[in-house]
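[1] sequence plus predicted model, see below.
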Amino acid sequence: MSSVRRTACALFAAATLFTVAACGSDGAKDTPQAAGDTASAGPGSKLHLPSSLPSGLLDGLPKSWDELKKWKYADWDRWASKHVFNNPVVRDLWNPDKMKNAQPQQPEPAASTPPAESGVTDPDPAPVRAVAVPRPYTRYAASGKVFSTAPNGGTGQCSATVIQDPAHPGKSNLVWTAGHCVHEGKGGGWFKNIIFVPAYNSSGAASAGHKATPQDVAPLGMWWADNVITSPQWTAEGSHSGNAANQYDFAVLKVHSPDGNGKSLEETVGSAMPVWFDAPRDQLSVSAWGYPVVKPFDGQELDKCDGGKPVRLSFDPKRPPMMTIGCTMTAGSSGGGWFATMPDGREALVSNTSLGTTDHTSLSGPYLESVAREALDYISKK
């Protein structure tokens, strides 16, 4: 049985839902290539909660997947109240040079192979070469970058997407990215100084080593995160090597512009993507967007892969298998949106980049179902 080494497309690797107030080589996992039937989260299945978490981190977690999938606003609110973080605006912290030099952390490859009971993993798809998106990026301003600093002081970057806010149609301040772009995962904490920059480097002024101004790299502003939600699995289990936590590796930011004119993010950029939960994976044709950083890319260009129909990747059969497409984007593309056409003809977000192979031939993202839907519902109403 052949295998491929998978890595977490992370700046800072980060597992199921939880809120906060205010990719190149990724960690690798040897993933057997297999075929079989899809398995979703099973009734009464137990969460894989580690015993080494800091005191109090397990407070409020459900006892089974069934319970988590039934969580509503009050459950999320109780969980969030135990895991609050502040993200105050720091004027002039982020400048073009600091953004350009922020690099994805390079996680260590995992040495072990997932056991046979890890679930269904299909053979890897053929590589699809990433292509540059034509400038100016303000034409596709729902795509952008997330920048942050780690608890240890390092800086990092991810990709992200402006999404529609169910509670505030036409006036969304919500941004979708990966859980590992906002939280370190097991044993770690929240990143700090989190901002979203829509249409980053739209004109190309910061490309090829050129000196750029803040207006050049952030033509639509720098939007600071006020609240964040990610999955409790990510915060309890997430690692730098890729594991079952990546099957819930997503996050939603609620942002504001310190220098704005009162307009929402959606009104400012001119668009926001709907999120398509429980999308029929066998009928999808997926395109992944992002800002890859590791060579041959440099993080200054928006790229995409039209990866077609996704195949499955699983670390835990009790969780929805991830989706995998062929794509040569590298680290830095983590958190970038995966898009597909809904039956009504609208383009919608169906996943985000979470993992990639060490030889940069494919990307994997979480399948978005009820847990992700309830997380979005919570932060929208919050």
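    Looks like it came in fine.

[2] contacts and neighbour counts: CA atoms only from here.
    Noted.

[3] so which residues of the stretch 51-200 of the chain form helices?
    Remark: helices assigned in the stretch 51-200 of the chain by DSSP state H, counting those that start in this stretch are 65-69, 73-80, 96-101.

[4] out of those, which gets nearest to Ser334?
    Nearest to Ser334 among the helices of the stretch 51-200 of the chain is helix 96-101; the distance by CA to CA comes to 15.8 Å.

[5] so, low pLDDT: which residues of the stretch 251-382 of the chain?
    Counting by pLDDT under 70, the stretch 251-382 of the chain shows no low-confidence range.

[6] 90 instead, please
    Within the stretch 251-382 of the chain, the set of residues satisfying pLDDT under 90 comprises 258-261, 318, 358, 371, 382.

[7] could I get the helices of the stretch 51-200 of the chain as TSV with mean pLDDT and distance to Trp224?
    Output for the helices of the stretch 51-200 of the chain, formatted as TSV (pLDDT from 0 to 100; distance: least, CA to CA, whole Å):
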stretch	mean pLDDT	distance to Trp224
helix 65-69	66	29
helix 73-80	76	19
helix 96-101	94	14
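
[8] tabulate those (CSV), appending mean neighbour count.
    What follows is these, written out as CSV (neighbours: other CA atoms under 10 Å):
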stretch, mean neighbour count
helix 65-69, 17
helix 73-80, 17
helix 96-101, 16
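
[9] what about the ones you listed, which gets the closest to Thr357?
    Per CA to CA, nearest to Thr357 of the helices of the stretch 51-200 of the chain: helix 96-101, 23.5 Å.

[10] distance of Arg332 from Ala348?
    Not quite, residue 332 is Gly, not Arg. 21 Å (CA to CA, to the nearest Å).

[11] more neighbours: which of the two?
    Gly332 (34 against 21; other CA atoms under 10 Å).

[12] test my guess that that one contacts Val146.
    No: assessed by CA atoms under 8 Å, Gly332 is found out of contact with Val146, at 9.7 Å.

[13] tell me which stretches of the stretch 251-382 of the chain form strands.
    251-256, 286-290, 303-308, 311-313, 322-326, 337-341, 347-352, 355-357, 362-365 (DSSP state E, counting those that start in this stretch).

[14] now those as a markdown table including distance to Trp190?
    Converted to a markdown table, the strands of the stretch 251-382 of the chain look like this (distance: least, CA to CA, whole Å):
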| stretch | distance to Trp190 |
| --- | --- |
| strand 251-256 | 12 |
| strand 286-290 | 22 |
| strand 303-308 | 28 |
| strand 311-313 | 27 |
| strand 322-326 | 24 |
| strand 337-341 | 21 |
| strand 347-352 | 19 |
| strand 355-357 | 20 |
| strand 362-365 | 21 |
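
[15] single out the most deeply packed of these.
    For the strands of the stretch 251-382 of the chain, the largest average neighbour count (mean count of other CA atoms under 10 Å) is found in strand 355-357, namely a mean of 33.

[16] by contact count, what packs against that strand?
    strand 3-8, strand 362-365 (3 or more CA pairs under 8 Å, 6 or more residues apart in numbering; DSSP states H and E).

[17] let me see the mean pLDDT of the first one.
    The average pLDDT for strand 3-8 rounds to 51.

[18] hmm, back to that, which residues are in contact with both of Gly332 and Val146?
    Gln157, Cys158, Ser159 (CA atoms under 8 Å, 6 or more residues apart in numbering).

[19] show me these that map onto strands.
    Gln157, Cys158, Ser159 (DSSP state E).

[20] measure Ala126 to Ala244 for me?
    From Ala126 across to Ala244, the span is 24 Å (CA to CA).
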